[in-house]
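J.: Have a look; sequence and predicted model below, questions after that.
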Amino acid sequence: MNLIDWTILFGTLIFIVGYGVWKTRGSSNIESYLLGDKSLKWWTIGLSVMATQASAITFLSTPGQAFDDGMRFIQIYFGLPIAMIIISVTFIPIYYRLKVYTAYEFLENRFDLKTRSLASLLFLVSRGLATGITIYAPSIILSTILGWNLGTTTLIIGTLVIIYTVSGGTKAVSQTQKQQMAVMMGGMVIAGIMVIFLLPKDISFGDAVNVAGKLGKMNIVNLEFDITDRYNIWSGLIGGLFLSLSYFGTDQSQVARYLSGKSVAESRLGLLFNGLLKIPMQFIILFIGVMVFVFYLFVQPPVYFNKTETNKLLDTEYKSDYINLQNTHSRLFEIKKNQTYSLVDAINRNDESAIEQLQQEIAQTDADSKKNKAEVYSLIKKVNPDAEQRDTDYVFITFIMDHLPHGLIGLLLAVIFSAAMSSTSSELNALASTTTIDIYKRSVAKNRSDKHYLNASKLLTLLWGILAILFATFASKAENLIQFVNIVGSLFYGTILGIFLSAFYIKKIEGNAVFWAAIIAESIVLSLFFFTDIAYLLYNIIGCVLVIFIGLMIQFLQKERMGTV
């Protein structure tokens, strides 16, 4: 990092925050603050929906996911376009007709207050956890790479978001997200071009793609059905459909984006725009991760991508052991590099027997490298018992810091900060909206002035921001971050979606039945998470189906007991 990088990084962030505050100054009523005066065009809605979902985790963790596991993660988005059509046809017209501030207001009209409150609380729990993660994820990685204090990094991200979200509400979130999406996608495209440019001169782009394919990284579609496999076309089309229906149709952080549209048509176009572009966007980000994998076949990677942890070993009694393991890592890299060059040659000659032989040799070298890396990690654990074993979240940021030119480093760090800010601002705005409208206004402080609720919304935005910062400061992550966020959502989204689908489509189910069905379904989903190995995307289906099925059963038993069956 030099002066150019710092100037680009902070110049970008200050511009976005300043623009958001200036553009949306003077929100004078609750409708303006929570719905942006219903004035947004379809392209603003579409970009805002995409930016809300595209957190810093997307740009930090997704390339690492592809580096480690290939392209198959893309399959979780295959159900998204179908969900966008269903939401556009069914959900949006009802929300507009009822003139709701939040999705959960509809549930009281259809069922009762306790069902509305339950769905609101489930959302607040799930989104509150996710908001902490979206701040924590970039904070811990950037603080590690840049040598910053974790608390300071978290505070910077959280404070910047709070400033313009409290100031301008929904409109500020949507307006700033246009600039943030431009920075994010522009930076990622440049990074993709650079990683290809930095490949050895004798390795073409076609060679890189062919090598990635032969080494199992271009595994875009898996047709095999396996209930324990997180990523196949069936979990993507079915589980991804239910996840997308719940996230985009019932999660207030997304619903608020299209409720602020000028009309039903503008909101529909915005969602369909997102449905068309989301898969290509994720494909590009994953493909960049695959190209980084190929790059590190020819340029020696760190033995462990979180180099802060390995550097600590140099000042301990384990220094000589680490140096020996580092030397082994270098030797294995040279072997693998030569094997990869031979694989390129065999591919160009269409020599299938040689290709198969080299695939086996590279797999064996990989196994030896993983064993060596495990020994390095065992040393790291002796020095720092809290160190995480998986280092894939550090792959892309390490590539940026080690191999990209100054200026571009600052731009890509701005991408990561912008992504953290865009998703966090939407989440804080949604948390404050739901707390104000569905809890505070409905059950705590009724019949107050519009000004009172406007001030309450701003105060609650600030409080949720502080809570998110505190959670991020003390949080600890598990697995790959992009997976972790989806797991947290999947634990709650199925139940919430079941409530909404019952409301929209199953007129027989009444409030009391769906309320208890949701509680039972959520209990079962949490039990499955803790005691089984079912792929997390399926929780969305299980929770949803259980709410509907149990709701129908309870409704039937109630009517039978009353003698009406």
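T.: That came through fine.

J.: Can you report how many residues neighbour the nearest residue to Asn109 once chain neighbours are set aside?
T.: Spatial nearest neighbour of Asn109, excluding adjacent residues (C-beta to C-beta, 6 or more residues apart in numbering): Leu98 at 6.3 Å. The C-beta positions use only the backbone N, C-alpha and C, and glycine is treated the same way. Per other C-beta atoms under 10 Å, the neighbour tally for Leu98 reads 11.

J.: isn't Leu98 right up against Glu105?
T.: Yes. Leu98 is within contact range of Glu105, at 7.0 Å (criterion: C-beta atoms under 8 Å).

J.: Run a quick neighbour tally on Ala212.
T.: Ala212 has 21 neighbours, counted by other C-beta under 10 Å.

J.: Just the element for it, please.
T.: Ala212 is part of helix 205-214 when elements are defined by DSSP states H and E.

J.: just how off-centre is the helix or strand immediately after that helix in the chain within its chain?
T.: Counting by DSSP H and E, the next helix or strand C-terminal to helix 205-214 is helix 233-234. Computed by C-alpha atoms, centre = their mean, to the nearest Å, the chain-centroid distance of helix 233-234 equals 20 Å.

J.: as a whole number, average confidence for the helix or strand following helix 233-234?
T.: Next helix or strand after helix 233-234 toward the C-terminus (DSSP H and E): helix 240-250. Average pLDDT, helix 240-250: 86.

J.: So what touches helix 240-250?
T.: Helix 240-250 has contacts (C-beta atoms under 8 Å, 6 or more residues apart in numbering) with 49, 53, 75-80, 82-84, 86-87, 91, 103, 119, 123, 254-255, 271, 274, 486, 489-490, 493-494, 496-497, 499-501, 537, 540-541, 544.

J.: ditto for stretch 484-496
T.: Residues outside stretch 484-496 that contact it (C-beta under 8 Å, 6+ apart) are 55, 57, 76, 119, 122-123, 125-126, 129-130, 133-134, 242-243, 246-247, 250-251, 477-479, 518, 521-522, 525-526, 529, 536-537, 539-544, 546-547.

J.: Return the subset of these lying in helices.
T.: Those of the contacts of stretch 484-496 mapping onto helices are 57, 119, 122-123, 125-126, 129-130, 133-134, 242-243, 246-247, 250, 518, 521-522, 525-526, 529, 537, 539-544, 546-547, per DSSP state H.

J.: From those, list the buried ones, please.
T.: Neighbour-count burial (16 or more other C-beta atoms under 10 Å) applied to the ones in helices among the contacts of stretch 484-496 gives 57, 119, 122-123, 126, 129-130, 133-134, 242-243, 246-247, 250, 518, 521-522, 525, 537, 539-544, 546-547.

J.: tell me the helices in the stretch 51-200 of the chain, going along the chain?
T.: Secondary structure of the stretch 51-200 of the chain by DSSP state H, counting those that start in this stretch: the helices cover 56-69, 80-86, 92-98, 105-110, 113-146, 150-197.

J.: just those helices: most buried one?
T.: Sort those by mean neighbour count, taking mean count of other C-beta atoms under 10 Å, and helix 56-69 sits at the top with a mean of 26.

J.: what angle sits between that helix and helix 113-146?
T.: Comparing the axes of helix 56-69 and helix 113-146 via axes from the mean of the first three to the mean of the last three C-alpha atoms, to 10 degrees yields an angle of 70 degrees.

J.: Can you name the residues in contact with helix 56-69?
T.: Helix 56-69 has contacts (C-beta under 8 Å, 6+ apart) with 73, 133-134, 137-138, 141, 184, 188, 217, 231, 282, 285-290, 292-293, 296, 392-397, 415-417, 419-420, 423, 480-483, 485.

J.: now do 7 Å
T.: The contact list for helix 56-69, computed with C-beta atoms under 7 Å, 6 or more residues apart in numbering, reads 73, 134, 137-138, 141, 184, 188, 285-286, 288-290, 292-293, 392-393, 395-397, 415-416, 419-420, 480-482, 485.

J.: How about Tyr231, nearest residue that isn't a chain neighbour?
T.: Using C-beta to C-beta, 6+ apart and skipping residues adjacent in sequence, the residue nearest Tyr231 is Arg72, 4.4 Å away.

J.: okay, now the one you found: neighbour count?
T.: Using other C-beta under 10 Å, Arg72 has 23 other residues around it.

J.: From Tyr493, how far out is it?
T.: Counting by C-beta to C-beta, to the nearest Å, the separation of Arg72 from Tyr493 is 21 Å.

J.: Also Phe197?
T.: For Phe197, the distance to Tyr493 equals 40 Å [C-beta to C-beta].

J.: quick one, what contacts the residue nearest to Tyr231?
T.: Arg72 touches Asn219, Ile220, Asn222, Tyr231, counting by C-beta under 7 Å, 6+ apart.

J.: ditto for Ile534
T.: Contacts of Ile534 were listed using C-beta under 7 Å, 6+ apart, and they are Ile227, Thr228, Leu528.

J.: how about a cut-off of 10 Å?
T.: The neighbourhood of Ile534, defined by C-beta atoms under 10 Å, 6 or more residues apart in numbering, consists of Ile227, Thr228, Arg230, Val525, Leu528, Ile542.
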